[in-house]
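Participant: kindly generate the corresponding structure for this input.
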Amino acid sequence: MNVEIPRGDFDAPGPCWIPVSADGKPVKPLIKCNCGKICGIGLHHVHADGTVTASFYHSEASEFVDGGVTYKYQHGCGWHVFLKLKDYDRGEFPPVR
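Facilitator: Reported below is the predicted structural model:
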């Protein structure tokens with residue numbers, strides 16, 4: 001499913017995208033999920049037009065392996081969508097592995 005989400009902040013209802021860290025510094029966008037949890041998207045590519053690739057999946061698992069590296073995180077709600085960040089103007093952020 002394709003979903004366009006608005007810009008928000010830490011107090012906004014989800015889903016939305018957040019352009020700053022908790023201390024107010026500009027960062028690669030954070031995603032406030034449909035369930036309200038805030039997620040980093042370090043392994044995703046944020047394109048200059050706000051398209052996020054690959055799909056966003058707030059996995060219900062608590063770890064996954066990518067490129068031989070095991071990542072652990074808080075389990076999620078299972079929301080799985082292709083995201084577009086509405087009114088995005090922060091430039092391109094490639095994935096960081």
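Participant: give me the neighbour count for residue 13.
Facilitator: For residue 13, the count of nearby residues is 10 (other Cβ atoms under 10 Å). For glycine as for every other residue, the C-beta is placed from the backbone atoms N, C-alpha and C.
Participant: and if you look at residue 12?
Facilitator: The number of residues packed near residue 12 is 14, by other Cβ under 10 Å.
Participant: quick one, phi psi at the closest residue to it other than its chain neighbours?
Facilitator: Excluding the flanking residues, the one nearest residue 12 by Cβ to Cβ, 6 or more residues apart in numbering is residue 32, at 6.6 Å. Residue 32 has phi and psi values of phi -90, psi 110 when expressed as degrees, to the nearest 10.
Participant: tell me how many other residues crowd residue 32.
Facilitator: Neighbour tally, residue 32, other Cβ under 10 Å: 21.
Participant: now what about stretch 70-90, what contacts it?
Facilitator: 1-7, 15, 17, 19, 26, 29, 31, 33-35, 37, 39, 46, 48-53, 55-65 (Cβ atoms under 8 Å, 6 or more residues apart in numbering).
Participant: re the thing from before, quick check, the residue nearest to residue 12 in contact with residue 38.
Facilitator: Yes: if you go by Cβ atoms under 8 Å, residue 32 and residue 38 touch, sitting 5.2 Å apart.
Participant: which neighbours do those two share?
Facilitator: By Cβ under 8 Å, 6+ apart, residue 32 and residue 38 have these common neighbours: 10, 18.
Participant: what is the least confident helix or strand in the chain?
Facilitator: Every helix and strand in the chain was compared by mean pLDDT, DSSP states H and E; the lowest is strand 63-66, with a mean of 77.
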